[in-house]
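generate a structure from the sequence data that follows.
(3 chains)
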Amino acid sequence: MPELPEVETVRRGLEPVMAGQRIATVEQRRKDLRFPFPANFTARLSGRTIASLGRRAKYLLADLDDGQVLVMHLGMSGSFRIGGEIPGVFHHDRSKAAVHDHVVFRMQNGAEITYNDPRRFGFMDLIPRSELAAHALFRRIGIEPLGNELDGAAVAKAFAGKAAPLKAALLDQTLIAGLGNIYVCEALHRARLSPRRAAGTIAGGGKPTPRSDRLAEVIRDVLVEAVEAGGSSLRDHRQTDGALGYFQHRFRVYDREGEPCPTPSCKGVVRRIVQSGRSTFFCGECQR
DNA sequence: AGTTGCACCTGGCTGC
DNA sequence: TGCAGCCAGGTGCAAC
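Predicted coordinates for the structure are as follows:
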């Protein structure tokens, strides 16, 4: 599930029970996820107060009162849920879900925050705040698309001289951070740009072009709209309170192979191709 | 150096 | 109903 809008939705869901709150105990049920947990993980968290809960790209960042930052990445299938009781429809599934509950944060205020991740592509780390920017995870991370830096000039600068297709360039977290397979497809459709076009061809030698301006604008648009919708819910992904995000109903091309292109007056049909091993959905008529 | 492809892991869905 | 095969929201790294 988790591209930037889903991670931001999770952040907003966790903020009330984490920010300003003290961690009582942490239960760590296995030694690793994608990577090993850092040494003494639970001991270093117990008793700490979370000053604030932030996000950078697809990372959640819990700033602790001792100068450490708890870094959390959801991978492909990570999710959090709050509280021991999930209302209504979920009860029949809870024992199954619990198999993949890997970490439980028990807060002083009584909240119980459980991290579940069937595929275990997610991970957690503890990094001193002062070393965060230079850390290998963050050193090369690119433009934060909901911040102030993303505009046509920044896109042109990032894409200048790139032979890689736009699809690959937009997935590259060192250029623009936070987009994943869904929102790349959606942004390129909105921008009417082909996912196969070489990224450098919209870059004007590093100077903004109408295409780079448009692309920057629609990236921001699609992410803002998705965050407002509570992200996308594919398969069984839910928000921290169990609610479904609903942006998936507004996908224009993602997972819509064979459907008519939603661009007004376009006669095209949404196609699926594979680029760098991943599905790309686009309209070959209006995306050039 | 820039790009591509594979590996990591589990589960859901499709088609035989 | 069973089961093999394919596919999935990410990303680090080996191999061209």
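
and the residue in chain A that DNA strand C sits nearest to, what is it in contact with?
DNA strand C sits closest to A:Gly180 of chain A, with a gap of 1.8 Å, by CB to the nearest atom of the strand. Quick note: C-beta positions are derived from backbone N, CA and C, even for glycine. For A:Gly180, the contacting residues are A:Pro2, A:Glu3, A:Leu4, A:Lys58, A:Leu171, by CB atoms under 8 Å, 6 or more residues apart in numbering.

okay, and which of those map to strands?
Using DSSP state E, no member of the contacts of A:Gly180 sits in strands.

for DNA strand C, what are the nearby residues on the stretch 101-250 of chain A?
Residues of the stretch 101-250 of chain A lying close to DNA strand C by CB under 7 Å from any atom of the strand are A:119, A:121, A:137, A:171, A:173, A:180-182, A:231-235, A:237.

who in the stretch 51-200 of chain A is up against DNA strand B?
So the stretch 51-200 of chain A meets DNA strand B at A:77, A:96, A:99-100, A:118-121, A:162-165, A:168 (CB under 7 Å from any atom of the strand).

chain center to the helix ranked longest in chain A: distance?
In chain A, with assignment by DSSP state H, the single longest helix is helix A:210-228. Computed by CA atoms, centre = their mean, to the nearest Å, the chain-centroid distance of helix A:210-228 equals 15 Å.

quick check: can you list the domain ranges of chain A?
Residue ranges for the domains of chain A, per automatic domain parsing: A:4-131, A:152-283.

can you tell me which of the ones you listed is most buried?
domain A:152-283 (a mean of 19; mean count of other CB atoms under 10 Å).

mean confidence for that one?
If you average the pLDDT over domain A:152-283, you get 93.

so for the residue of the stretch 1-150 of chain A found nearest DNA strand B, what's the nearest residue that isn't a sequence neighbour?
Taking CB to the nearest atom of the strand, DNA strand B has its nearest neighbour within the stretch 1-150 of chain A at A:Arg119, 3.4 Å off. Leaving aside its sequence neighbours, A:Arg119 sits nearest to A:Ser77 (CB to CB, 6 or more residues apart in numbering; 4.3 Å).

isn't that neighbour right up against A:Tyr115?
No. Applying CB atoms under 8 Å, one finds A:Ser77 not in contact with A:Tyr115, separated by 11.1 Å.

anything in contact with each of those two?
What both A:Ser77 and A:Tyr115 touch, as defined by CB under 8 Å, 6+ apart, is the set A:Gly122.

surely A:Ala62 meets A:Met18?
Yes. Using CB under 8 Å, A:Ala62 is in contact with A:Met18, at 6.3 Å.

which residues of chain A fall in strands?
Using DSSP E, strands in chain A cover A:23-28, A:50-56, A:59-64, A:68-73, A:79-82, A:101-107, A:112-116, A:123-128, A:270-275, A:278-283.

burial check on the nearest residue to A:Val224 once chain neighbours are set aside, number of neighbours?
Take A:Val224 and drop its neighbours on the chain: the residue closest to it by CB to CB, 6+ apart is A:Leu146, 7.1 Å away. For A:Leu146, the count of nearby residues is 17 (other CB atoms under 10 Å).

so A:Arg256 is in contact with A:Phe281, correct?
Yes. In this structure, A:Arg256 is within contact of A:Phe281 by CB under 8 Å, at 6.2 Å.

what is in contact with these two at once?
Common neighbours of A:Arg256 and A:Phe281 (CB under 8 Å, 6+ apart) are A:Val270.

and the helices in chain A?
So, for chain A - with DSSP H - the helices run A:4-18, A:41-45, A:94-98, A:152-159, A:166-171, A:181-191, A:210-228.

let me have those in TSV, adding distance to A:Gln68 as columns.
Formatted as TSV, the helices of chain A follow (distance: least, CB to CB, whole Å):
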stretch	distance to A:Gln68
helix A:4-18	14
helix A:41-45	7
helix A:94-98	28
helix A:152-159	31
helix A:166-171	30
helix A:181-191	31
helix A:210-228	27
